[in-house]
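> Give me the fold of what follows.
(one chain, ligands or ions: 2)
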Amino acid sequence: MAPSAIEPVSSSPNNNTPRILVPEKLSPEGLSLLSSSGFIIDNPAPGSLSAEDIAARIGSYQALIVRSETKVTAALLAAGSKLKVVARAGVGVDNIDVKAATEQGIIVVNSPSGNILAAAEHTIALLMATARNVPRGDGTLKQGKWERGKLVGVEVGGKTLGVVGLGKVGLKVARVASGGLGMKVLGLDPYASADVAKAAGVTLVGSLEELLPQVDFLTVHTPLLASTLNLLGEEQFGKMKKTARVLNVARGGVYNEEALLKALDEGWIAGAGIDVFTQEPPKEGSVPSRLAQHPKVVSTPHLGASTVEAQENVSIDVCKQVVVILGGGLPTAAVNAPLILPEEYRRLQPFVKLVEKIGSLYTQHYATNAGDKKGGMIGGRRFELVYHGDLASVSNTRPLFAALVKGLVSSISDAGGRDVNIVNATIIAKERGIAIDERHVRDEGSSAPSTYASAVTLRSISTDGASGGEQIIEGYVSGNAVFISKLDKFAANFQPEGTLLILHNYDEPGKIGNVGMVLGRHGINITFMQVAGLNQEARRAVVDGPVDTENGLKEALMILGVGGDVTGELLEELGKAEGILDVSVVQL
Ligand SMILES: NC(=O)C1=CN([C@@H]2O[C@H](COP(=O)(O)OP(=O)(O)OC[C@H]3O[C@@H](n4cnc5c(N)ncnc54)[C@H](O)[C@@H]3O)[C@@H](O)[C@H]2O)C=CC1
Ligand SMILES: O=C(O)C(=O)COP(=O)(O)O
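Ligands and ions are numbered 1, 2, ... in the order given. Here you go, the predicted structure:
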């Protein structure tokens with residue numbers, strides 16, 4: 001039987017003393033913080049508890065601390081009737097069902113930066129190892145062979161590195177590659193700040209299509225999200241140089257593993273350095289295992305965060321937070337902590353919801369769906385959040401500020417933006433190069449119907465004058481429902497809920513019918529529809545303006561609430577329909 005250091009619950013000194021289960025290897029520095037706070041820690045030999053063992057015991061624990069190996073499923077959380085916190089001693093929370101935890105009121109925390117240096121350095125290690133055949137040289141020499149002729153490598157200096165995902169790890173890799181190794185670095189991250197990228201020696205490009213044919217090495221540093229799963233498949237590997245090598249110290253699945261195997265087998269690319277797999281450890285004979293054992297691949301068993309220093313950092317980071325949470329406090333890196341404290345809930349909650357929806361609508365409509373993804377639509381931008389009417393007299397707007405940051409990053413970050421809370425919103429905004437000014441305006445009008453005493457305007461302004469001009473979204477609250485009343489120059493009135501298609505078009509007879517037919521062909525139901533025409537100011541500008549009065553006045557937005565799967569194909573078809581200027585899909 002596998003060894004287990006877990007004592008029966010009844011033998012604890014006091015049955016009210018919180019118990020913490022740590023089924024994976026965690027540095028003792030953090031564990032000693034827990035024990036000196038008086039908690040009981042059960043830290044059996046790593047791997048000795050099966051998923052069933054953990055589920056059978058979890059009911060007696062107030063906290064669970066994991067790394068990437070324990071799958072914290074909805075069923076496990078449901079069995080954890082006393083659980084107050086699940087702590088991830090690392091960055092990625094893709095092994096935790098955060099939604100289920102939130103529904104059960106369990107706080108999930110992580111260590112957002114404790115291991116990022118380790119992950120970046122491991123990426124550089126794999127870069128050099130793949131370029132210079134280090135593992136094969138070592139392996140063959142240990143077998144008594146001297147194979148210099150077979151192991152000629154390539155230099156990285158002067159070569160081009162592509163970095164997909166310019167967050168904390170990606171930027172560190174980029175800095176080392178450009179500053180230390182003398183590489184030319186191209187970056188792709190639709191949400192990155194152009195200034196931050198430039199300071200790291202990175203030139204931003206607009207798409208994978210533009211990036212892939214240029215790179216000698218490619219590295220990915222995005223979280224694993226629905227939008228990054230299989231980001232690179234056969235089509236993408238086919239666009240790369242035959243001499244290119246790819247690296248993955250992010251998550252298995254960002255590269256489609258079957259496609260990567262094929263690209264290596266058929267010589268579309270020259271090699272790979274892989275730390276992470278869709279199945280860990282990979283089962284013998286599976287695709288991830290064939291990849292790990294492939295002669296052109298340098299593979300490591302998810303070692304990105306495995307340094308003494310990183311493990312100390314993440315252990316201390318999360319154990320401190322567990323102590324705070326079990327003591328009734330608010331953690332610093334909660335993946336799903338509340339944006340709003342109970343005493344402010346009644347008054348601010350609808351506005352928190354409105355501002356978060358406005359932020360999310362902004363990112364999806366202007367950044368994610370934009371044809372030109374060179375960045376600059378979020379990071380590196382100045383946002384002005386204007387509180388109108390009664391709301392202007394609220395002095396503690398921290399929850400609204402945090403709601404905007406959360407809304408802006410929700411569709412692009414690891415935990416769907418749930419890691420933003422009132423404690424860390426300012427830091428996260430700064431990290432992403434987002435500047436937010438708040439203004440309180442008592443008298444000035446907004447586009448909200450005059451019966452509503454409070455409204456919010458978000459204005460997004462380019463700081464370099466180059467990217468994207470200015471955007472405006474305005475909304476108001478009625479009862480507990482939130483409404484968008486203005487989208488740029490269009491006067492709207494719709495609830496930002498569910499899946500919405502926003503079509504910018506010339507408002508002419510037949511347009512609605514055409515769109516309805518396309519949606520019908522794709523099996524999409526329309527739940528509501530609204531045509532948002534130019535607001536008064538924009539009408540006046542067209543009438544007084546020099547050009548094209550007729551077409552200018554016909555400009556409108558068609559906003560459709562839809563049910564069903566909105567595919568890329570559908571969007572393309574809608575985009576090509578006559579009179580449609582552009583289309584975007586947002587999930588709110
Ligand atoms: N192998 C290992 O041991 C480790 C792996 N990791 C992995 O690395 C990932 C990245 O970590 P951080 O840099 O700390 O996260 P981060 O959140 O700071 O950065 C992620 C970046 O990806 C960008 N992004 C999101 N979707 C994108 C898309 N479709 N295309 C291009 N860019 C996109 C975001 O804008 C953001 O800038 C983590 O989510 C984790 O899964 C992290 C630490 C250790
Ligand atoms: O922090 C992360 O996202 C990691 O991938 C590190 O995983 P680990 O804690 O080493 O199992």
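
> Go over the secondary structure and confirm residue 558 is in a strand.
Yes: applying DSSP: H, G, I helix; E, B strand; the rest coil, one finds residue 558 inside a strand.

> Just list whatever residues bridge to residue 438.
For residue 438, the beta-bridge partners are residue 385 (DSSP bridges).

> isn't it right up against residue 391?
No: in this structure, residue 438 is not within contact of residue 391 by Cβ atoms under 8 Å, at 10.9 Å. For every residue, glycine as well, the C-beta is placed using N, CA and C.

> so what sits against both of the two?
When Cβ atoms under 8 Å, 6 or more residues apart in numbering defines a contact, no residue borders residue 438 and residue 391 alike.

> between those two, which one's more packed in?
Remark: of residue 438 and residue 391, residue 391 carries more neighbours, 23 against 14, as counted by other Cβ atoms under 10 Å.

> Hmm, residue 351 and that one touching each other?
Yes: between residue 391 and residue 351 there is a contact under Cβ under 8 Å: 6.3 Å.

> which residues do the two both contact?
The contact sets of residue 391 and residue 351 overlap at 454, 456 (Cβ under 8 Å, 6+ apart).

> Return the residues in contact with whatever residue of the chain ends up closest to ligand 1.
As assessed by Cβ to the nearest ligand atom, ligand 1 sits closest to residue 167 within the chain, at 1.6 Å. Residue 167 is in contact with 189, 221, 222, counting by Cβ under 8 Å, 6+ apart.

> Which pLDDT value does the model give it?
As predicted, residue 167 sits at a pLDDT of 94.

> what number of residues lie near residue 252?
21.

> so which helix or strand takes in it?
Under DSSP states H and E, no helix or strand contains residue 252.

> Residue 284 and ligand 2: what is the separation?
Note on residue 284: its distance to ligand 2, by Cβ to the nearest ligand atom, to the nearest Å, is 21 Å.

> Need the pLDDT of whichever residue of the stretch 251-400 of the chain sits closest to ligand 2.
For the stretch 251-400 of the chain and ligand 2, the shortest gap (Cβ to the nearest ligand atom) falls at residue 305, measuring 3.6 Å. The per-residue pLDDT reported for residue 305 equals 98.

> and what of residue 188?
97.

> contacting residues for it?
When contacts are counted by Cβ under 8 Å, 6+ apart, residue 188 touches 162, 163, 164, 165, 166, 204, 205, 206, 207, 208, 211, 373.

> Quick check on those residues: which are buried?
Restricting the contacts of residue 188 to buried positions leaves 162, 163, 164, 165, 166, 204, 205, 208, 211, 373, with burial counted as 16 or more other Cβ atoms under 10 Å.

> Just the ones in helices from the contacts of residue 188, please.
208, 211 (DSSP state H).

> surely residue 470 meets residue 462?
Yes: in this structure residue 470 lies within contact range of residue 462 using Cβ under 8 Å: 7.1 Å.

> Tell me how far the nearest residue to residue 460 once chain neighbours are set aside lies from residue 577.
Of all residues not flanking residue 460 in the chain, residue 471 sits nearest, at 4.5 Å (Cβ to Cβ, 6 or more residues apart in numbering). As judged by Cβ to Cβ, to the nearest Å, residue 471 and residue 577 stand 24 Å apart.

> which of those two has more neighbours?
residue 471 (18 against 15).

> can you tell me how far that one sits from ligand 2?
33 Å.

> that older thread, name the SS class of the residue nearest to residue 460, please.
strand.

> contacting residues for it?
Residue 471 touches 362, 366, 459, 460, 488, counting by Cβ under 8 Å, 6+ apart.

> Filter those residues down to the ones in strands?
The strands, defined by DSSP state E, take in 459, 460 from the contacts of residue 471.

> circling back to that earlier point, looking at residue 470 and residue 462, which one has more neighbours?
For residue 470 versus residue 462, neighbours defined as other Cβ under 10 Å are more numerous around residue 462 (17 against 12).

> Show me which residues of the stretch 1-150 of the chain sit near ligand 1.
When proximity is defined as Cβ under 6 Å from any ligand atom, the stretch 1-150 of the chain approaches ligand 1 at 91, 92, 115, 116, 119.

> Ligand 2 contacts on the stretch 301-450 of the chain?
302, 304, 305, 306.

> among those, who's most crowded?
Highest count within these by other Cβ under 10 Å belongs to residue 304, 27 neighbours.

> and that residue, which of the three is it?
Secondary structure, three-state DSSP: residue 304 is coil.

> quick one: it and residue 118 touch, right?
Yes: Residue 304 is in contact with residue 118 according to Cβ under 8 Å; the separation is 6.4 Å.

> what does the stretch 101-250 of the chain put close to ligand 2?
Residues of the stretch 101-250 of the chain found near ligand 2 (Cβ under 6 Å from any ligand atom) are residue 115.

> ranges for the helices of the stretch 101-250 of the chain?
Ranges of helices in the stretch 101-250 of the chain, per DSSP state H, counting those that start in this stretch, are 116-132, 134-142, 168-175, 194-199, 208-211, 234-238.

> how deep is the closest residue in space to residue 497 that isn't next to it in sequence tucked in, by neighbour count?
Excluding the flanking residues, the one nearest residue 497 by Cβ to Cβ, 6+ apart is residue 588, at 5.8 Å. By the measure other Cβ under 10 Å, the count of residues near residue 588 is 20.
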